[in-house]
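Visitor: Okay, predicted coordinates and the sequence, questions at the end:
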Amino acid sequence: MTEQSSVPPKTIGRHIDRLVAFALTNGLIEPLDADAARNALLDLFRLNEPAEEEAGSADELLPDSPVPLLKPLLDAAQSLGLLPDDTLTSRDLLDARIMALLLPRPSDTNRLFLHQKREKGIAAATEWFYKLNIDSNYIRMDRIRKNGYWRHMIPDGELEITINLSKPEKNPREISRLKTLPPAHYPKCLLCKENVGYAGRPDHPARQNLRILPISLQGESWYFQYSPYVYYNEHSIVLREEHVPMTISPATFARLLDFVELFPHYFIGSNADLPIVGGSILNHDHFQAGRHVFPMEKAEVLEWFNVKGESGVQAGIVRWPLTVLRLRSNDRHALLRISTTVLARWRHYSDVEADILAYTDQTPHNTITPIARLRDNGEYELDLVLRNNRTSAEHPDGIFHPHQPLHHIKKENIGLIEVMGLAVLPGRLQEELAAIGSMLNGRQAYDPSALESAEHPLNKHAVWISQLILEHGTSQTAAEADGILQAAVGDKFYAVLRDCGVFKTDIQGQQALRRFLTASSLME
C-alpha cells in the first residue's frame, strides 16, 4: 500500500473477496480459477495478501449486479492513485480492467457457448452469453434501466420511444483532456475485432471485458457480440472480420439469411450504406440483431401479391410510414433472386414526380435497409425498406430525413432500429421535457419572451411549447403533463418516420410506389 491511501488494506481485501464470490456464483469463473482471480486483483490494488475471513462473511448476500461491488473498489483505486482523475471515464476504464480479471479467455468463452448450444440449444446459449455480458458489466444495466421508455399508438400500429441515458456525456474536464491527446489509429473503429481486451483510453472505451464469438456467413469470418448500450432485448452486433465499409449487395441478403438459420430466434438487419440514411458507423460492415419484436414487424400488410415470374414468393406492401416491401418464401434461392432484383432496380430508379432521383451526376442516392427473420412455420421473411439520401435547398439535411421543424426532438440519422419503430432520442430531452412539464402543471411560469432568447435552454422548443400551452393550458397534474408530453413526442417521431418515407402513404405516394413495382417487373 502507498502512503496516500486512506482505505485500509483489510477493507479493500474484503471488497475483492465479495467480487470474486460474485464471479463464482454467476459462473464467470470456476472454483479452480478463484485463487488466481483473487491474486490478480490483489496485485492490481497493490496488496500482498487477502483479508482474513470474518465470522459470518461467507453468509453475506451478494447483489444481482457487480456495480455495488465495484463502487468501493473504484473509490479505493482513486485513493491509491490508480486513477488519473475521478471522472466517470477513468472509473469506467478501470472497472472494465477489474472485471476482465474475472472472465474466461475469449477462446474459453467460445467453447462454453458451443457447449451450451450442443446441450441446451441456441436460444439457451444466447441467454447464457447475454447474462455473461451483463454480469461482467460490459452491458451496464444500471445505466440502461435509467432510459426513458414508453409506447405510443399511431394509425399504423404503435411506436416504441426511448430516451437514451446509457451513454454518459463527458464533462468539461474530460473534453479539455481529449483535446490534448495525440491522434490514435488502433483499433481502427469501435467495431473491429481488435477491441477485444483493449484497455481503452479517454477517447475510446475500454473493452477488456468484451467477448465475441466467431461465426461464418457465406464462408466469410464474422463475429457475434452484444451491444454495450442495449436498446432492446439481446441487442447484438454482427461484425465482419475485415475493416471494410458498409455495402448493401446481393451478398448482404444471403448473409442475413445465413444468420437467421444459425440464430432462428433472432431477427437481423443492416443499416443502409449511404450517408444520411445510414447508421453512425459506415466504415465497418456490420449488422444488428436481437430477440425483440419491433412495431414494424407487427404492422399490417395492406396488400399481398405474387411476384411476377416467382410463384413461390409472396410480396406485401406494409402499412408503415416508411416504404417497406415484405417478402416471404420457403424457397431461399427464390427470395434471394427477388431481393436482388428489387435492389438492382431501386438503385437506378428515378421518379421526378415523387421527388426521387437515383443520381446527382455520379453520386448515388438510392439504397435499402434490409431486415431478415425466420418465421415459426419455417418461412424466410425479408423486409426491404427503400431509402434515398438526396438533399435540396429546402431540405439541406435530406429530403427523406427528419425535416428542420422536427430537429428539436430528433435530427440524427434514422437508422435500422428507428426504421423498425423504436425511437432512440437524445438524453438531453429528459431534463428538457421535465422543464416543459413544469410549465404545463404551473410549477414554472410560462414566459414566451424568455424562450425567444437563443441562450434559453428550451429555445429550440419555443414554438412547440407555445402550441402545447395553447392546447392544454398550465393547470395539468404532473401525471397528466407527462402523458401529454409522451404523446406529443410520439407524434413528433411518427412525423420523423413519415419524412423518411420515399413513397408517401397518401394516394399519390401509393400510386408512385405501384409505378416502381410495375417498372421493376415485380407486379402486373
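Guide: Looks like it arrived, so ask away.

Visitor: Report how far apart the opening and closing residues of stretch 186-205 are.
Guide: One end of stretch 186-205 sits 12 Å from the other (C-alpha to C-alpha, to the nearest Å).

Visitor: buried sites along it?
Guide: For stretch 186-205, a neighbour-count test (16 or more other C-beta atoms under 10 Å) marks 187, 191, 192, 193, 195, 196, 197, 198, 200, 202, 204, 205 as buried. All C-beta spots, glycine's among them, are computed from the backbone N, C-alpha and C.

Visitor: Contacts for that stretch next, please.
Guide: 89-90, 92-93, 96-97, 100, 106, 174, 177-178, 181, 184, 206-208, 210-212, 223, 228, 237, 239, 241, 243, 281, 283-284, 286 (C-beta atoms under 8 Å, 6 or more residues apart in numbering).

Visitor: any idea how far that stretch is from the chain center?
Guide: On the basis of C-alpha atoms, centre = their mean, to the nearest Å, stretch 186-205 sits 18 Å off its chain's mean C-alpha point.

Visitor: So which residues of the stretch 1-150 of the chain form helices?
Guide: 9-25, 34-44, 67-80, 88-100, 106-120, 122-135, 141-144 (DSSP state H, counting those that start in this stretch).

Visitor: Save these as TSV, and put in distance to residue 328, mean neighbour count and mean pLDDT too.
Guide: Formatted as TSV, these follow (distance: least, C-beta to C-beta, whole Å; neighbours: other C-beta atoms under 10 Å; pLDDT from 0 to 100):
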stretch	distance to residue 328	mean neighbour count	mean pLDDT
helix 9-25	45	19	95
helix 34-44	50	16	97
helix 67-80	44	18	95
helix 88-100	43	20	96
helix 106-120	27	14	98
helix 122-135	22	18	98
helix 141-144	33	16	94
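
Visitor: from what I can see residue 110 touches residue 224, true?
Guide: No - between residue 110 and residue 224 there is no contact, the gap being 10.0 Å when judged by C-beta atoms under 8 Å.

Visitor: Overlap in contacts, the two.
Guide: Common neighbours of residue 110 and residue 224, counting by C-beta under 8 Å, 6+ apart, are 213, 214.

Visitor: Spell out for me the ChimeraX command that would select the buried members of the contacts of stretch 186-205.
Guide: Typed into ChimeraX, the line below selects the buried ones among the contacts of stretch 186-205, using 16+ other C-beta under 10 Å:
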select :89,90,92,93,96,97,100,106,174,177,206,207,208,210,211,212,223,228,237,239,243,281,284,286
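
Visitor: helices and strands of the protein: which one bottoms out on pLDDT?
Guide: Each helix and strand of the chain was given a mean pLDDT (mean pLDDT, DSSP states H and E); the minimum falls on helix 172-178 at a mean of 58.

Visitor: contacts for the helix or strand that comes right after that one?
Guide: Next in sequence after helix 172-178, counting helices and strands by DSSP states H and E, comes strand 213-217. For strand 213-217, the external contacting residues (C-beta under 8 Å, 6+ apart) are 109-110, 113, 129, 221-225, 238, 254-255, 258-259, 262.

Visitor: follow-up on the earlier one: which two in the buried residues of stretch 186-205 are spaced the farthest apart?
Guide: Pairwise distances across the buried residues of stretch 186-205 (C-beta to C-beta) peak at 22.4 Å, for the pair 193 and 202.

Visitor: one step back: report the lowest-confidence entry in the buried residues of stretch 186-205.
Guide: Within those, residue 202 has the lowest pLDDT, namely 88.

Visitor: For this protein, which helix extends over the most residues?
Guide: When the chain is parsed with DSSP state H, its longest helix is helix 478-500.

Visitor: quick revisit: a markdown table please, covering the helices of the stretch 1-150 of the chain and showing distance to residue 164.
Guide: Shown next, in a markdown table, are those (distance: least, C-beta to C-beta, whole Å):
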| stretch | distance to residue 164 |
| --- | --- |
| helix 9-25 | 28 |
| helix 34-44 | 32 |
| helix 67-80 | 19 |
| helix 88-100 | 16 |
| helix 106-120 | 28 |
| helix 122-135 | 18 |
| helix 141-144 | 9 |
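
Visitor: of the ones you listed, which approaches residue 384 most closely?
Guide: Among these, helix 122-135 sits nearest to residue 384 (C-beta to C-beta), with 26.0 Å.

Visitor: Now find how far off-centre that closest one is within its chain.
Guide: Centroid separation for helix 122-135 versus its chain: 18 Å, with C-alpha atoms, centre = their mean.

Visitor: which outside residues touch that helix?
Guide: Residues contacting helix 122-135 (C-beta under 8 Å, 6+ apart): 22-23, 26-28, 65-66, 103, 109, 112-114, 116-117, 139, 141, 211, 213, 226, 234, 262-266, 291.

Visitor: show me the contacts for residue 437.
Guide: Residue 437 makes contact with 478, 481, 482, 485 under the criterion C-beta under 8 Å, 6+ apart.

Visitor: helix, strand or coil for the closest residue to the third one other than its chain neighbours?
Guide: Excluding the flanking residues, the one nearest residue 482 by C-beta to C-beta, 6 or more residues apart in numbering is residue 437, at 6.1 Å. Secondary structure, DSSP: H, G, I helix; E, B strand; the rest coil: residue 437 is helix.

Visitor: shaky segments in this protein?
Guide: Within the chain, the stretches with pLDDT under 70 are 1-6, 54-59, 168-181, 524.

Visitor: which residue is nearest the centroid of it?
Guide: Centrality entry for the chain: nearest residue to the mean C-alpha point is residue 231, 5.0 Å, by C-alpha atoms, centre = their mean.

Visitor: name the element that one belongs to?
Guide: Using DSSP H and E, residue 231 maps to neither a helix nor a strand.

Visitor: wait, it sits on residue 422?
Guide: Yes - counting by C-beta under 8 Å, residue 422 is a contact partner of residue 231 at 6.4 Å.

Visitor: Name the residues contacting each of those two.
Guide: residue 162.

Visitor: Residue 453: neighbour count?
Guide: Per other C-beta atoms under 10 Å, the neighbour tally for residue 453 reads 12.

Visitor: And it, how far from residue 463?
Guide: Applying C-beta to C-beta, to the nearest Å, the value for residue 453 to residue 463 is 14 Å.

Visitor: quick one: secondary structure of residue 306?
Guide: Quick answer, by three-state DSSP: residue 306 is strand.

Visitor: Also residue 382?
Guide: Three-state call for residue 382 (three-state DSSP): strand.

Visitor: Which residues does it form beta bridges with?
Guide: Residue 382 has these beta-bridge partners by DSSP bridges: residue 327, residue 372.

Visitor: mind listing what it touches?
Guide: 253, 256, 257, 326, 327, 328, 335, 339, 370, 371, 372.

Visitor: Now tabulate these in JSON lines and tack on neighbour count.
Guide: Putting the contacts of residue 382 into JSON lines (neighbours: other C-beta atoms under 10 Å) gives the following:
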{"residue": "253", "neighbour count": "27"}
{"residue": "256", "neighbour count": "26"}
{"residue": "257", "neighbour count": "23"}
{"residue": "326", "neighbour count": "21"}
{"residue": "327", "neighbour count": "26"}
{"residue": "328", "neighbour count": "20"}
{"residue": "335", "neighbour count": "26"}
{"residue": "339", "neighbour count": "26"}
{"residue": "370", "neighbour count": "25"}
{"residue": "371", "neighbour count": "25"}
{"residue": "372", "neighbour count": "28"}
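
Visitor: Thank you, goodbye.
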